[in-house]
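Enquirer: Quick one: sequence and predicted model below, then my questions.
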Amino acid sequence: MTIDMDKCSGHARCYGTDPDLFQIDDSGYALRPGFEVPAGGEDTAREAAASCPERAITAQ
Ligand code: SF4
């Protein structure tokens, strides 16, 4: 899973989808540009990608 940090606008919706998977700063911006999705978390990852209004998240 990758997050385009230039597109991220701090909506924190990814965090709202899965606070264990996504880390955000105090302003609501994603902190990590990429990470592995744990086994079984694929559906949640896709849901988070769809929730991002900036289309900053790519689930691979
Ligand atoms: S939902 Fe998108 S814009 Fe909002 S914090 Fe997450 S990656 Fe950034």
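Expert: Received it, and whenever you're ready, just let me know what you need.
Enquirer: who's in contact with the nearest residue to residue 27 once chain neighbours are set aside?
Expert: Of all residues not flanking residue 27 in the chain, residue 10 sits nearest, at 5.4 Å (C-beta to C-beta, 6 or more residues apart in numbering). From N, CA and C alone the C-beta is placed, and that goes for glycine too. For residue 10, the contact set (C-beta atoms under 8 Å, 6 or more residues apart in numbering) comprises 24, 27-29.
Enquirer: Now the two most distant members of those residues.
Expert: Across these, the longest distance by C-beta to C-beta is 8.0 Å; it joins 24 and 27.
Enquirer: out of the two, which sits in the more crowded spot?
Expert: residue 24 (19 against 7; other C-beta atoms under 10 Å).
Enquirer: Quick check: the more buried one touching residue 16?
Expert: No: using C-beta atoms under 8 Å as the test, residue 24 is too far from residue 16 to be in contact (9.5 Å).
Enquirer: any idea of the pLDDT on the residue most central in space within the chain?
Expert: In the chain, the residue lying closest to the centroid (C-alpha atoms, centre = their mean) is residue 14, at 4.3 Å. As predicted, residue 14 sits at a pLDDT of 96.
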